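Chemist: 3D, please:
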Amino acid sequence: MLSSISSKRLNPFSLLSPIHLLLSSTPRSVFPNPTSHFHSQSSNPLPTQRNVDHQTVRQTLSCYTDDWKRALEFFKWVETDCQLAHTTETFNKMLDILGKYFEFDLSWDLIHRMKNNPCSVPNHATFRIMFKRYITAHLVNEAISTFDRLDEFDLKDEISFCNLVDALCEYKHVIEAQELCLFGINKELGFNVNDTKIHNMILRGWFKMGWWSKCREFWDEMDKKGIQKDLHSYSIYMDIMCKSGKPWKAVKLYKEMKKKGMKLDVVAYNTVIRAIGISEGADFGVGIFREMRDLGCEPNVVTYNTVIKLLFENGRVKQAYSVLNQMLKKDCAPDVITYHCFFGCLEKPREILKLFDLMISNGVQPRMDTYVMLMRKFGRWGFLRPVFMVWKKMEELGSSPNEFAYNAMIDALIQKGMLDLARKYDEEMLAKGLSSKPREELGRKLCKEDLILDSSRCYT
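Modeler: I've put the predicted structure just below:
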(Lines give C-alpha, C1' and ligand atoms only; values in the text may rest on other atoms or scores of the structure.)
Protein backbone atom coordinates (compact mmCIF):
# COMPACT_ATOMS: atom_id res chain seq x y z
CA MET A 1 0.00 0.00 0.00
CA LEU A 2 2.84 2.39 0.84
CA SER A 3 4.35 1.99 -2.61
CA SER A 4 1.17 3.32 -4.21
CA ILE A 5 1.26 6.63 -2.34
CA SER A 6 3.17 8.52 -4.99
CA SER A 7 1.18 7.10 -7.89
CA LYS A 8 -2.32 7.90 -6.66
CA ARG A 9 -3.77 11.35 -7.16
CA LEU A 10 -4.87 12.94 -3.91
CA ASN A 11 -8.53 13.57 -3.43
CA PRO A 12 -8.76 17.36 -3.05
CA PHE A 13 -11.86 17.08 -0.90
CA SER A 14 -9.91 14.97 1.60
CA LEU A 15 -7.52 17.89 1.85
CA LEU A 16 -10.31 20.36 2.43
CA SER A 17 -12.34 18.38 4.91
CA PRO A 18 -10.06 18.87 7.94
CA ILE A 19 -10.62 22.61 7.84
CA HIS A 20 -14.38 22.26 7.47
CA LEU A 21 -14.39 19.82 10.36
CA LEU A 22 -12.34 22.28 12.36
CA LEU A 23 -14.60 25.22 11.61
CA SER A 24 -17.71 23.26 12.47
CA SER A 25 -16.03 21.83 15.62
CA THR A 26 -17.11 18.28 14.88
CA PRO A 27 -14.43 15.97 16.27
CA ARG A 28 -14.74 13.23 13.68
CA SER A 29 -11.74 11.36 12.38
CA VAL A 30 -10.80 12.43 8.85
CA PHE A 31 -8.03 9.92 8.29
CA PRO A 32 -8.62 6.74 10.31
CA ASN A 33 -4.98 5.69 10.08
CA PRO A 34 -1.75 7.41 9.01
CA THR A 35 -1.87 6.22 5.39
CA SER A 36 -5.53 5.65 4.63
CA HIS A 37 -6.14 9.29 3.66
CA PHE A 38 -4.25 8.65 0.44
CA HIS A 39 -6.74 6.02 -0.65
CA SER A 40 -10.07 6.25 1.11
CA GLN A 41 -13.10 8.34 0.31
CA SER A 42 -14.53 10.03 3.39
CA SER A 43 -18.08 9.12 4.31
CA ASN A 44 -18.52 12.60 5.81
CA PRO A 45 -20.42 15.19 3.73
CA LEU A 46 -17.90 16.75 1.34
CA PRO A 47 -17.63 20.50 0.83
CA THR A 48 -18.77 21.86 -2.47
CA GLN A 49 -16.62 24.03 -4.68
CA ARG A 50 -18.78 27.01 -3.78
CA ASN A 51 -17.75 26.66 -0.13
CA VAL A 52 -14.09 27.38 -0.89
CA ASP A 53 -12.90 30.91 -0.11
CA HIS A 54 -9.48 32.44 0.48
CA GLN A 55 -9.68 32.09 4.25
CA THR A 56 -10.45 28.39 3.90
CA VAL A 57 -7.53 28.01 1.50
CA ARG A 58 -5.10 29.63 3.95
CA GLN A 59 -6.37 27.54 6.86
CA THR A 60 -6.17 24.33 4.85
CA LEU A 61 -2.62 25.09 3.72
CA SER A 62 -1.74 25.63 7.39
CA CYS A 63 -2.68 21.99 8.04
CA TYR A 64 -0.11 20.81 5.49
CA THR A 65 2.96 22.87 6.35
CA ASP A 66 4.81 19.58 6.84
CA ASP A 67 3.79 18.10 3.48
CA TRP A 68 4.63 20.50 0.63
CA LYS A 69 3.55 18.12 -2.16
CA ARG A 70 0.03 17.75 -0.79
CA ALA A 71 -0.13 21.48 -0.10
CA LEU A 72 0.90 22.30 -3.68
CA GLU A 73 -1.60 19.85 -5.17
CA PHE A 74 -4.38 21.43 -3.12
CA PHE A 75 -3.15 24.90 -4.14
CA LYS A 76 -3.39 23.94 -7.82
CA TRP A 77 -6.75 22.19 -7.36
CA VAL A 78 -8.28 25.39 -5.96
CA GLU A 79 -7.34 27.18 -9.19
CA THR A 80 -8.35 24.52 -11.67
CA ASP A 81 -11.39 22.84 -10.12
CA CYS A 82 -12.79 25.68 -8.02
CA GLN A 83 -11.86 28.49 -10.43
CA LEU A 84 -10.72 30.55 -7.42
CA ALA A 85 -7.99 33.07 -8.22
CA HIS A 86 -5.28 33.09 -5.59
CA THR A 87 -4.51 36.31 -3.73
CA THR A 88 -1.11 37.57 -2.61
CA GLU A 89 -1.83 36.12 0.85
CA THR A 90 -2.54 32.59 -0.41
CA PHE A 91 0.53 32.72 -2.67
CA ASN A 92 2.62 33.84 0.30
CA LYS A 93 1.34 30.94 2.38
CA MET A 94 2.32 28.49 -0.35
CA LEU A 95 5.74 30.14 -0.74
CA ASP A 96 6.42 29.70 2.96
CA ILE A 97 5.65 25.97 2.76
CA LEU A 98 7.82 25.48 -0.34
CA GLY A 99 10.68 27.44 1.20
CA LYS A 100 10.59 25.30 4.31
CA TYR A 101 11.63 22.36 2.13
CA PHE A 102 14.12 24.41 0.06
CA GLU A 103 11.97 24.26 -3.09
CA PHE A 104 13.26 27.64 -4.24
CA ASP A 105 12.88 27.05 -7.99
CA LEU A 106 9.18 26.32 -7.49
CA SER A 107 8.96 29.39 -5.24
CA TRP A 108 10.33 31.67 -7.94
CA ASP A 109 7.93 30.15 -10.48
CA LEU A 110 5.07 31.22 -8.21
CA ILE A 111 6.57 34.69 -7.71
CA HIS A 112 6.76 35.25 -11.49
CA ARG A 113 3.12 34.16 -11.75
CA MET A 114 2.24 36.64 -9.01
CA LYS A 115 4.03 39.44 -10.87
CA ASN A 116 1.95 38.85 -13.98
CA ASN A 117 -1.36 38.89 -12.09
CA PRO A 118 -2.66 42.26 -10.81
CA CYS A 119 -4.71 40.44 -8.12
CA SER A 120 -1.67 38.80 -6.54
CA VAL A 121 1.26 41.20 -6.92
CA PRO A 122 4.24 40.33 -4.68
CA ASN A 123 4.54 42.56 -1.62
CA HIS A 124 7.01 43.07 1.22
CA ALA A 125 5.65 40.01 3.03
CA THR A 126 6.42 37.88 -0.06
CA PHE A 127 10.11 38.67 0.03
CA ARG A 128 10.28 38.65 3.81
CA ILE A 129 9.30 34.97 3.47
CA MET A 130 11.98 34.41 0.83
CA PHE A 131 14.65 36.08 2.99
CA LYS A 132 13.62 33.93 5.95
CA ARG A 133 13.65 30.66 4.04
CA TYR A 134 16.95 31.33 2.26
CA ILE A 135 18.65 32.23 5.52
CA THR A 136 17.24 29.25 7.44
CA ALA A 137 18.90 27.18 4.70
CA HIS A 138 22.10 29.25 5.31
CA LEU A 139 21.93 30.59 1.75
CA VAL A 140 22.89 34.12 2.78
CA ASN A 141 24.25 35.16 -0.64
CA GLU A 142 21.00 34.07 -2.29
CA ALA A 143 19.01 36.17 0.21
CA ILE A 144 21.14 39.23 -0.54
CA SER A 145 20.83 38.58 -4.30
CA THR A 146 17.05 38.45 -3.85
CA PHE A 147 17.18 41.92 -2.27
CA ASP A 148 19.23 43.13 -5.26
CA ARG A 149 16.48 41.88 -7.60
CA LEU A 150 13.72 43.82 -5.86
CA ASP A 151 13.96 46.70 -8.34
CA GLU A 152 12.02 44.40 -10.69
CA PHE A 153 9.12 44.51 -8.24
CA ASP A 154 9.53 48.15 -7.13
CA LEU A 155 10.21 46.92 -3.60
CA LYS A 156 13.89 47.75 -3.09
CA ASP A 157 13.37 50.12 -0.17
CA GLU A 158 13.99 50.57 3.54
CA ILE A 159 11.26 48.12 4.54
CA SER A 160 12.77 45.31 2.46
CA PHE A 161 16.26 46.10 3.75
CA CYS A 162 15.02 45.93 7.36
CA ASN A 163 13.27 42.64 6.57
CA LEU A 164 16.57 41.25 5.22
CA VAL A 165 18.58 42.40 8.25
CA ASP A 166 15.90 41.13 10.62
CA ALA A 167 15.92 37.69 8.95
CA LEU A 168 19.72 37.52 9.15
CA CYS A 169 19.62 38.37 12.85
CA GLU A 170 16.69 36.08 13.61
CA TYR A 171 18.44 33.03 12.14
CA LYS A 172 21.90 33.58 13.62
CA HIS A 173 23.72 35.33 10.79
CA VAL A 174 24.35 38.49 12.80
CA ILE A 175 27.93 38.93 11.60
CA GLU A 176 26.70 39.11 8.00
CA ALA A 177 23.95 41.53 9.02
CA GLN A 178 26.44 43.81 10.74
CA GLU A 179 28.79 43.71 7.75
CA LEU A 180 25.89 44.46 5.43
CA CYS A 181 24.99 47.57 7.39
CA LEU A 182 28.56 48.82 7.84
CA PHE A 183 30.36 47.87 4.62
CA GLY A 184 27.82 46.42 2.23
CA ILE A 185 25.29 47.67 -0.24
CA ASN A 186 23.82 50.33 2.04
CA LYS A 187 25.72 53.30 0.52
CA GLU A 188 23.60 53.23 -2.63
CA LEU A 189 20.24 52.66 -0.95
CA GLY A 190 19.26 56.25 -0.28
CA PHE A 191 18.24 55.81 3.37
CA ASN A 192 19.95 55.66 6.76
CA VAL A 193 20.87 52.18 7.96
CA ASN A 194 22.67 53.44 11.03
CA ASP A 195 19.58 54.17 13.12
CA THR A 196 18.08 52.81 16.34
CA LYS A 197 15.83 50.31 14.58
CA ILE A 198 18.70 48.55 12.79
CA HIS A 199 20.82 48.53 15.95
CA ASN A 200 17.95 46.98 17.89
CA MET A 201 17.76 44.20 15.32
CA ILE A 202 21.48 43.49 15.61
CA LEU A 203 21.33 43.61 19.42
CA ARG A 204 18.47 41.12 19.32
CA GLY A 205 20.51 39.00 16.90
CA TRP A 206 23.40 38.72 19.36
CA PHE A 207 20.78 37.82 21.97
CA LYS A 208 19.47 35.02 19.74
CA MET A 209 23.05 33.76 19.36
CA GLY A 210 23.49 33.71 23.14
CA TRP A 211 26.73 35.68 22.87
CA TRP A 212 26.27 37.63 26.10
CA SER A 213 29.66 39.38 26.04
CA LYS A 214 28.96 40.55 22.49
CA CYS A 215 25.56 41.85 23.63
CA ARG A 216 27.19 43.95 26.35
CA GLU A 217 29.86 45.16 23.93
CA PHE A 218 27.26 46.19 21.36
CA TRP A 219 25.11 47.89 24.04
CA ASP A 220 28.09 50.05 25.03
CA GLU A 221 28.95 50.64 21.37
CA MET A 222 25.50 52.14 20.81
CA ASP A 223 26.30 54.77 23.45
CA LYS A 224 29.69 55.51 21.90
CA LYS A 225 28.11 55.98 18.45
CA GLY A 226 25.44 58.25 19.89
CA ILE A 227 22.59 55.91 18.97
CA GLN A 228 19.45 56.94 20.83
CA LYS A 229 18.18 53.97 22.84
CA ASP A 230 14.43 53.60 22.85
CA LEU A 231 11.95 51.47 24.79
CA HIS A 232 12.56 48.54 22.46
CA SER A 233 16.33 48.75 23.07
CA TYR A 234 15.82 48.56 26.82
CA SER A 235 13.28 45.72 26.48
CA ILE A 236 15.76 43.65 24.46
CA TYR A 237 18.64 44.31 26.84
CA MET A 238 16.52 43.52 29.90
CA ASP A 239 15.66 40.22 28.25
CA ILE A 240 19.37 39.63 27.60
CA MET A 241 20.19 40.21 31.26
CA CYS A 242 17.38 37.90 32.32
CA LYS A 243 18.30 35.06 29.95
CA SER A 244 22.03 35.35 30.68
CA GLY A 245 21.40 34.57 34.35
CA LYS A 246 21.51 38.13 35.68
CA PRO A 247 17.85 39.01 36.30
CA TRP A 248 18.79 41.52 39.01
CA LYS A 249 20.50 43.63 36.32
CA ALA A 250 17.27 43.59 34.33
CA VAL A 251 15.48 44.89 37.43
CA LYS A 252 18.15 47.62 37.71
CA LEU A 253 17.45 48.64 34.09
CA TYR A 254 13.74 48.73 34.87
CA LYS A 255 14.36 51.16 37.71
CA GLU A 256 16.61 53.23 35.43
CA MET A 257 13.81 53.45 32.85
CA LYS A 258 11.35 54.62 35.52
CA LYS A 259 13.80 57.32 36.66
CA LYS A 260 14.08 58.55 33.07
CA GLY A 261 10.30 58.79 32.92
CA MET A 262 9.98 56.17 30.17
CA LYS A 263 6.49 54.76 29.89
CA LEU A 264 6.75 50.99 29.72
CA ASP A 265 4.66 49.01 27.28
CA VAL A 266 3.34 45.49 27.71
CA VAL A 267 6.48 43.93 26.14
CA ALA A 268 8.78 45.66 28.64
CA TYR A 269 6.51 44.74 31.54
CA ASN A 270 6.50 41.09 30.47
CA THR A 271 10.30 41.01 30.74
CA VAL A 272 10.26 42.82 34.10
CA ILE A 273 7.70 40.38 35.54
CA ARG A 274 9.91 37.48 34.51
CA ALA A 275 13.10 39.12 35.83
CA ILE A 276 11.67 40.10 39.22
CA GLY A 277 9.90 36.75 39.53
CA ILE A 278 13.21 34.91 39.07
CA SER A 279 15.35 37.17 41.24
CA GLU A 280 12.91 37.99 44.04
CA GLY A 281 10.14 35.38 43.83
CA ALA A 282 6.76 34.82 42.20
CA ASP A 283 4.93 37.16 44.59
CA PHE A 284 7.04 40.12 43.45
CA GLY A 285 6.39 39.19 39.81
CA VAL A 286 2.65 39.13 40.48
CA GLY A 287 3.09 42.51 42.17
CA ILE A 288 4.50 44.01 38.94
CA PHE A 289 1.58 42.39 37.09
CA ARG A 290 -0.84 44.30 39.33
CA GLU A 291 1.20 47.49 38.96
CA MET A 292 0.99 47.43 35.17
CA ARG A 293 -2.79 47.00 35.31
CA ASP A 294 -3.11 49.87 37.82
CA LEU A 295 -1.11 52.10 35.46
CA GLY A 296 -3.48 51.31 32.59
CA CYS A 297 -1.19 48.93 30.68
CA GLU A 298 -3.40 46.00 29.72
CA PRO A 299 -1.72 42.59 30.02
CA ASN A 300 -1.64 40.39 26.94
CA VAL A 301 -1.52 36.63 26.60
CA VAL A 302 2.29 36.65 26.98
CA THR A 303 1.91 38.44 30.32
CA TYR A 304 -0.46 35.79 31.62
CA ASN A 305 1.80 33.02 30.29
CA THR A 306 4.78 34.56 32.11
CA VAL A 307 2.84 34.66 35.39
CA ILE A 308 1.64 31.06 34.92
CA LYS A 309 5.18 29.86 34.26
CA LEU A 310 6.46 31.64 37.39
CA LEU A 311 3.73 30.06 39.50
CA PHE A 312 4.51 26.57 38.18
CA GLU A 313 8.24 27.08 38.85
CA ASN A 314 7.31 27.84 42.46
CA GLY A 315 5.03 24.80 42.74
CA ARG A 316 1.81 26.85 42.93
CA VAL A 317 -0.38 24.78 40.63
CA LYS A 318 -3.75 25.93 42.02
CA GLN A 319 -2.85 29.58 41.48
CA ALA A 320 -1.74 28.78 37.92
CA TYR A 321 -5.18 27.27 37.25
CA SER A 322 -6.73 30.37 38.81
CA VAL A 323 -4.88 32.57 36.30
CA LEU A 324 -6.07 30.31 33.47
CA ASN A 325 -9.67 30.73 34.68
CA GLN A 326 -9.18 34.51 34.68
CA MET A 327 -8.06 34.35 31.06
CA LEU A 328 -11.06 32.27 30.07
CA LYS A 329 -13.44 34.74 31.75
CA LYS A 330 -11.81 37.84 30.26
CA ASP A 331 -11.14 38.93 26.70
CA CYS A 332 -7.55 37.63 26.83
CA ALA A 333 -8.01 34.09 25.55
CA PRO A 334 -5.29 31.50 26.26
CA ASP A 335 -3.08 30.51 23.36
CA VAL A 336 -1.18 27.33 22.62
CA ILE A 337 1.79 28.49 24.74
CA THR A 338 -0.51 28.87 27.76
CA TYR A 339 -1.42 25.21 27.55
CA HIS A 340 2.20 24.23 26.89
CA CYS A 341 3.09 25.74 30.30
CA PHE A 342 0.63 23.33 31.90
CA PHE A 343 1.57 20.31 29.77
CA GLY A 344 5.23 20.80 30.62
CA CYS A 345 4.63 20.74 34.39
CA LEU A 346 1.63 18.48 35.03
CA GLU A 347 2.40 14.85 35.91
CA LYS A 348 -0.93 13.01 35.65
CA PRO A 349 -1.91 11.68 32.19
CA ARG A 350 -5.64 11.97 32.90
CA GLU A 351 -5.28 15.62 33.96
CA ILE A 352 -3.17 16.44 30.89
CA LEU A 353 -5.67 14.81 28.50
CA LYS A 354 -8.56 16.65 30.16
CA LEU A 355 -6.74 19.97 29.68
CA PHE A 356 -5.89 18.99 26.09
CA ASP A 357 -9.60 18.48 25.38
CA LEU A 358 -10.39 21.83 27.05
CA MET A 359 -7.80 23.51 24.84
CA ILE A 360 -9.41 22.18 21.67
CA SER A 361 -12.97 22.88 22.83
CA ASN A 362 -11.94 26.51 23.49
CA GLY A 363 -10.87 26.85 19.87
CA VAL A 364 -7.10 26.70 20.39
CA GLN A 365 -5.56 24.67 17.56
CA PRO A 366 -2.66 22.50 18.75
CA ARG A 367 0.62 22.97 16.94
CA MET A 368 2.72 20.06 15.75
CA ASP A 369 5.10 20.56 18.68
CA THR A 370 2.07 20.26 21.00
CA TYR A 371 1.40 16.74 19.74
CA VAL A 372 5.10 15.86 19.85
CA MET A 373 5.47 17.17 23.42
CA LEU A 374 2.55 15.10 24.66
CA MET A 375 3.49 11.92 22.80
CA ARG A 376 7.06 12.12 24.07
CA LYS A 377 5.90 12.73 27.61
CA PHE A 378 3.41 9.86 27.63
CA GLY A 379 5.90 7.60 25.86
CA ARG A 380 8.61 8.42 28.39
CA TRP A 381 6.21 7.50 31.19
CA GLY A 382 5.35 4.22 29.45
CA PHE A 383 1.69 5.12 28.74
CA LEU A 384 0.97 3.97 25.18
CA ARG A 385 -2.81 4.50 25.10
CA PRO A 386 -2.57 8.30 25.53
CA VAL A 387 0.04 8.38 22.75
CA PHE A 388 -2.48 6.82 20.35
CA MET A 389 -5.19 9.20 21.61
CA VAL A 390 -3.04 12.24 20.82
CA TRP A 391 -2.13 10.81 17.39
CA LYS A 392 -5.80 10.20 16.61
CA LYS A 393 -6.70 13.75 17.63
CA MET A 394 -3.94 15.04 15.36
CA GLU A 395 -5.54 13.19 12.45
CA GLU A 396 -9.04 14.39 13.36
CA LEU A 397 -7.90 18.01 13.29
CA GLY A 398 -6.33 17.53 9.87
CA SER A 399 -2.66 17.94 10.77
CA SER A 400 -0.12 15.99 8.75
CA PRO A 401 2.52 14.44 11.08
CA ASN A 402 6.12 15.53 10.60
CA GLU A 403 9.27 13.53 11.32
CA PHE A 404 9.27 14.52 15.00
CA ALA A 405 5.73 13.22 15.49
CA TYR A 406 6.59 9.94 13.75
CA ASN A 407 9.77 9.56 15.79
CA ALA A 408 7.88 10.18 19.04
CA MET A 409 5.36 7.47 18.09
CA ILE A 410 8.06 5.02 17.00
CA ASP A 411 10.10 5.56 20.19
CA ALA A 412 7.01 4.90 22.33
CA LEU A 413 6.26 1.68 20.42
CA ILE A 414 9.85 0.42 20.66
CA GLN A 415 9.85 1.09 24.41
CA LYS A 416 6.83 -1.23 24.68
CA GLY A 417 8.43 -3.87 22.45
CA MET A 418 5.93 -3.37 19.59
CA LEU A 419 8.60 -3.58 16.88
CA ASP A 420 6.35 -4.62 13.98
CA LEU A 421 4.06 -1.64 14.42
CA ALA A 422 7.07 0.64 14.97
CA ARG A 423 8.58 -0.64 11.71
CA LYS A 424 5.30 0.13 9.91
CA TYR A 425 5.41 3.78 11.01
CA ASP A 426 9.12 3.94 10.16
CA GLU A 427 8.49 2.69 6.61
CA GLU A 428 5.55 5.05 6.23
CA MET A 429 7.53 8.16 7.16
CA LEU A 430 10.34 7.14 4.81
CA ALA A 431 7.78 6.74 2.01
CA LYS A 432 6.71 10.33 2.67
CA GLY A 433 10.29 11.54 2.32
CA LEU A 434 10.72 12.28 6.04
CA SER A 435 13.97 11.51 7.84
CA SER A 436 13.82 8.71 10.39
CA LYS A 437 16.15 8.33 13.35
CA PRO A 438 18.61 5.43 13.02
CA ARG A 439 17.45 2.63 15.30
CA GLU A 440 19.23 -0.66 15.84
CA GLU A 441 15.95 -2.26 16.96
CA LEU A 442 14.54 -1.68 13.47
CA GLY A 443 17.75 -2.58 11.67
CA ARG A 444 18.64 0.99 10.64
CA LYS A 445 22.12 2.34 11.31
CA LEU A 446 23.38 5.91 11.13
CA CYS A 447 24.56 6.89 7.68
CA LYS A 448 25.81 10.02 5.94
CA GLU A 449 22.40 10.71 4.39
CA ASP A 450 20.76 10.75 7.84
CA LEU A 451 23.24 13.37 9.05
CA ILE A 452 22.61 15.58 6.00
CA LEU A 453 18.82 15.35 6.35
CA ASP A 454 18.90 16.05 10.09
CA SER A 455 21.20 19.07 9.77
CA SER A 456 19.12 20.54 6.93
CA ARG A 457 16.03 20.61 9.17
CA CYS A 458 17.61 22.19 12.22
CA TYR A 459 16.33 25.70 11.45
CA THR A 460 13.02 25.08 9.62
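Chemist: what helices or strands is the helix or strand harbouring Leu203 leaning on?
Modeler: Using DSSP states H and E, Leu203 sits in helix 196-209. Here helix 196-209 is seen to pack against helix 158-170, helix 174-183, helix 212-224, helix 231-243 when contacts are counted using 3 or more CB pairs under 8 Å, 6 or more residues apart in numbering; DSSP states H and E. Every C-beta, even on glycine, is put in place using the N, C-alpha and C of the backbone.
Chemist: Out of those helices, flag the one nearest Lys424.
Modeler: helix 158-170 (38.3 Å; CB to CB).
Chemist: didn't Arg293 look like it was pressed against Asn300?
Modeler: No: with contact defined as CB atoms under 8 Å, Arg293 does not count as touching Asn300 (11.7 Å).
Chemist: where in the stretch 351-460 of the chain is pLDDT low?
Modeler: For the stretch 351-460 of the chain, residues meeting the criterion pLDDT under 70 lie at 444-460.
Chemist: repeat that with 50
Modeler: 446-460 (pLDDT under 50).
Chemist: how far does stretch 298-308 sit from the chain's center?
Modeler: Centre-to-centre, stretch 298-308 and its host chain are 19 Å apart (CA atoms, centre = their mean, to the nearest Å).
Chemist: On the pLDDT front, check the closest residue to Ile276 other than its chain neighbours for me.
Modeler: Spatial nearest neighbour of Ile276, excluding adjacent residues (CB to CB, 6 or more residues apart in numbering): Phe284 at 4.8 Å. Phe284 carries a pLDDT value of 95.
Chemist: Which parts of the stretch 51-200 of the chain are helices?
Modeler: 54-63, 68-80, 88-100, 104-115, 124-136, 140-148, 158-170, 174-183, 196-209 (DSSP state H, counting those that start in this stretch).
Chemist: I meant the stretch 251-400 of the chain, not that one.
Modeler: 266-280, 282-294, 301-313, 317-329, 336-345, 349-361, 368-381, 384-396.
Chemist: any chance of those helices in TSV, with distance to Lys197 too?
Modeler: As requested, those are arranged in TSV below (distance: least, CB to CB, whole Å):
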stretch	distance to Lys197
helix 266-280	15
helix 282-294	25
helix 301-313	22
helix 317-329	32
helix 336-345	27
helix 349-361	37
helix 368-381	31
helix 384-396	40
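Chemist: count of neighbours near Phe74?
Modeler: Using other CB atoms under 10 Å, Phe74 has 21 neighbouring residues.
Chemist: Now Asp66: phi and psi?
Modeler: Main-chain torsions, Asp66, degrees, to the nearest 10: phi -100, psi 20.
Chemist: now swap in Val121 and tell me
Modeler: phi -70, psi 140.
Chemist: picking that back up, can you flag the weakest of the helices and strands packed on helix 196-209 by average pLDDT?
Modeler: Among the helices and strands packed on helix 196-209, helix 174-183 carries the lowest mean pLDDT (a mean of 87).
Chemist: need the contact list for Glu89.
Modeler: Listed by CB atoms under 8 Å, 6 or more residues apart in numbering, the contact set of Glu89 reads His54, Arg58.
Chemist: how close does it get to Asp96?
Modeler: 11 Å (CB to CB, to the nearest Å).
Chemist: re earlier: reformat the helices of the stretch 251-400 of the chain as JSON lines; add mean neighbour count.
Modeler: Listed next are the helices of the stretch 251-400 of the chain as JSON lines, based on neighbours: other CB atoms under 10 Å:
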{"stretch": "helix 266-280", "mean neighbour count": "22"}
{"stretch": "helix 282-294", "mean neighbour count": "17"}
{"stretch": "helix 301-313", "mean neighbour count": "21"}
{"stretch": "helix 317-329", "mean neighbour count": "15"}
{"stretch": "helix 336-345", "mean neighbour count": "19"}
{"stretch": "helix 349-361", "mean neighbour count": "16"}
{"stretch": "helix 368-381", "mean neighbour count": "20"}
{"stretch": "helix 384-396", "mean neighbour count": "19"}
